[in-house]
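1. With the input below, show me the fold.
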Amino acid sequence: MGELTLAVNGIELCVETFGSPADPPILLVGGMSASMDYWEDDFCQALAAGRRFVIRYDHRDTGRSTTWPPGEPGYTGRDMIADIPALLDAFGLDKGHVFGISMGGALAQCAAVLYPERVETLILNETSPAFDGVPDLPPIGEELADFFAKAAESTVPDPDDHEALVSMLVEDQRAFVPEGYDEVRMRAVVERVVRRTPDMRPSFANHQAMSDGEPVEATLADIAAPTLVIHGTRDPLFPIGHAEILARDIPDATLLVLDGVGHEPPPPSTWDKVIPAIIDHTS
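-> Here you go, the predicted model:
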């Protein structure tokens, strides 16, 4: 199915689906500043080939969804959590399997606590515990910390200079994938991101600027949904210890480790392992 713009939770979200609506639904929840494009077509199609109804969407302030002026997000983290059940409502779904990466993994954890009847299972990819009070989380890698420090002082290209934006995003993503970075593949992804996004400035600024909103008072032990944790051994943002804590403290959780993978959606080299695990988990 092509892209659809849905009225959801008081805004418009752009969505795209793969597979049959008669199959079990998997809602893909992207990371910070990420449009649906980072969930690659081939990955979505592989899940759909396993008889899953795959839904991906542009977060607020990304892609073709509703945007706000840069630095002035008109929403909170609570609103982004609420987008998850609202999207299920838009498709007439009582519940679904929720697959979140990075920030999307935190949103998914919160949704599982706030709306437990809507989240059939969780899949958490390259993410960290969403709730306060978790001790002993490994720190960010030194090289990535240096990258963030330099990025804070850098100038974002003119929003109309698409080639400069693509080049910047390709280099930015390199910092998150210390081993086996596929520049050609990532360039194809970010070219689509820039092509589909009328103005990149809100996506660069607003997720970082938004407030959390009303805190979600919970612990990992409050997550009742069966959970599959998928995590790379070379993730510099959330080192593997974050995944180990998720798998340890969520009551019904399993950990799938991807050797050599960084902070990224599962790369094609892992799909022979990841796709069957997801299909099995959502059966």
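2. alpha carbons only for contacts and neighbour counts from here, please
-> Noted.
3. Need the residue closest to the centroid of this structure.
-> For the chain, G30 is the residue whose C-alpha lies nearest the centre (Cα atoms, centre = their mean; 2.3 Å).
4. what about the residue nearest to that one when sequence neighbours are not counted, distance to A22?
-> In space, and not counting its chain neighbours, G30 is closest to G104: 4.9 Å by Cα to Cα, 6 or more residues apart in numbering. For G104, the distance to A22 (Cα to Cα, to the nearest Å) stands at 25 Å.
5. And G50, by the same measure?
-> Shown here: G50 relative to A22, a distance of 13 Å by Cα to Cα.
6. more crowded one of the two?
-> A count of neighbours by other Cα atoms under 10 Å puts G50 above the other of G50 and A22, at 15 against 9.
7. R56 falls within a helix, correct?
-> No: assessed by DSSP: H, G, I helix; E, B strand; the rest coil, R56 does not belong to a helix; its assignment is strand.
8. is it true that it touches T17?
-> Yes: in this structure, R56 sits in contact with T17. The criterion is Cα atoms under 8 Å, and the distance is 6.4 Å.
9. mind checking the backbone torsions on L4?
-> As for L4, its main-chain torsions (degrees, to the nearest 10) stand at phi -130, psi 150.
10. got the contact list for R187?
-> V166, S167, V170 (Cα atoms under 8 Å, 6 or more residues apart in numbering).
11. State the distance from E214 to E40.
-> 33 Å.
12. Give me the distance between E12 and E142.
-> Between E12 and E142 the computed distance is 38 Å (Cα to Cα).
13. Give me the more crowded residue out of those two.
-> Neighbours per residue, other Cα under 10 Å: of E12 and E142, the larger number sits with E12, 18 against 11.
14. beta partners for that one?
-> For E12, the beta-bridge partners under DSSP bridges are A7.
15. wait, isn't C44 in contact with F18?
-> Yes: in this structure, C44 sits in contact with F18. The criterion is Cα under 8 Å, and the distance is 6.6 Å.
16. re the thing from before, ok, the contacts of R187 vs P276, which is closest?
-> Here the nearest of the contacts of R187 to P276, counting by Cα to Cα, is V170; it sits at 29.2 Å.
17. circling back: and the residue nearest to G30, what element?
-> In this structure, G104 sits in helix 103-114 according to DSSP states H and E.
18. And the helix or strand of the chain with the lowest mean pLDDT, what's buried?
-> With mean pLDDT, DSSP states H and E as the measure, the helix or strand of the chain carrying the lowest mean pLDDT is helix 142-153 (a mean of 90). Of the residues in helix 142-153, those buried by neighbour count under the rule 16 or more other Cα atoms under 10 Å are L144.
19. E214 and E40: who's more crowded?
-> When E214 is set against E40 and neighbours are counted by other Cα under 10 Å, the residue ahead is E40, at 17 against 10.
20. Since that was my last question, I'll sign off now.
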